[in-house]
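Visitor: I'd like to go over a predicted model; first the sequence, then the structure.
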Amino acid sequence: MRMRAVLGVLGGLVILMLLVALVLPVVTSPAQAQTGSRKVFQISMVSYMFTPSLITVNRGDTVVLQFSNDDPDRRNHSIASRLFMRIEPKATGEFRTGVGDERRFFAAEPGKKFELEFVASEAGSFPFVCGVFDHGSRGQTGAINVVAAAARPAP
Ligand SMILES: [Cu+2]
């Protein structure tokens, strides 16, 4: 009688451990995907540069780019990137958008501001350029570097 009770408890424990082993990977995967933090950058646009022009984030981060057209020469400027064809950012503020030369662009008139928000889901270096006239060839370029998180040491 007593042996039976012990076996029953052991059996219950084994079933519980199996359940934990089966369920845990499912539970932890989405949690890892949500470890990215929110990174906010203020980017000024003038003739002919972005400041800053290099943005570095970790894969999985939510990236917020706050653009302001601060050009004293009162030219329009934009950010245009192929990245935004695959990852369409949420855009707010005063901007004009469209696609040109296989890049999605967001353009602001002098004195205007807009904000782009997206999740950096792909690792790599993603160039962007001002898509207005020849601003890119005049040096108005930049890049978003998305760094894959370092591998965790083995337990
Ligand atoms: Cu420009």
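Guide: Now that the structure is in, tell me what you want to look at. Residues are numbered from 1 along each chain as shown.
Visitor: please count neighbours and contacts with C-alpha atoms only from this point.
Guide: OK.
Visitor: what is the neighbour count of the residue lying closest to residue 96 once chain neighbours are set aside?
Guide: Setting aside the residues directly before and after it, residue 96 is nearest to residue 107 in space (C-alpha to C-alpha, 6 or more residues apart in numbering), at 5.1 Å. Counted with other C-alpha atoms under 10 Å, the neighbours of residue 107 add up to 23.
Visitor: does the helix or strand where residue 107 lies come close to the ion?
Guide: Assigned by DSSP states H and E, residue 107 belongs to strand 103-108. No: judged by C-alpha under 5 Å from the ion, strand 103-108 makes no contact with the ion; its nearest approach is 8.8 Å.
Visitor: state the pLDDT value of residue 29.
Guide: pLDDT, residue 29: 45.
Visitor: pull out the buried positions in the strand holding residue 107.
Guide: Buried residues in strand 103-108, counted by 16 or more other C-alpha atoms under 10 Å: 103, 104, 105, 106, 107, 108.
Visitor: could you export those as CSV, including pLDDT?
Guide: Converted to CSV, the buried residues of strand 103-108 look like this (pLDDT from 0 to 100):
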residue, pLDDT
103, 98
104, 98
105, 98
106, 98
107, 98
108, 98
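Visitor: how about the protein: which residue is closest to the ion?
Guide: Of all residues in the chain, residue 77 sits closest to the ion, at 3.7 Å by C-alpha to the ion.
Visitor: centre-most residue in this structure?
Guide: For the chain, the residue lying nearest the average C-alpha position, counting by C-alpha atoms, centre = their mean, turns out to be residue 120 (2.2 Å).
Visitor: isn't that one up against residue 56?
Guide: No: the pair residue 120 / residue 56 is not scored as a contact, 10.4 Å apart, by C-alpha atoms under 8 Å.
Visitor: okay, and the common contacts of these two?
Guide: The contact sets of residue 120 and residue 56 overlap at residue 146 (C-alpha atoms under 8 Å, 6 or more residues apart in numbering).
Visitor: thinking again about what came up before, dihedrals phi and psi, the residue of the chain closest to the ion?
Guide: Torsion angles at residue 77 (phi, psi; degrees, to the nearest 10) stand at phi -140, psi 160.
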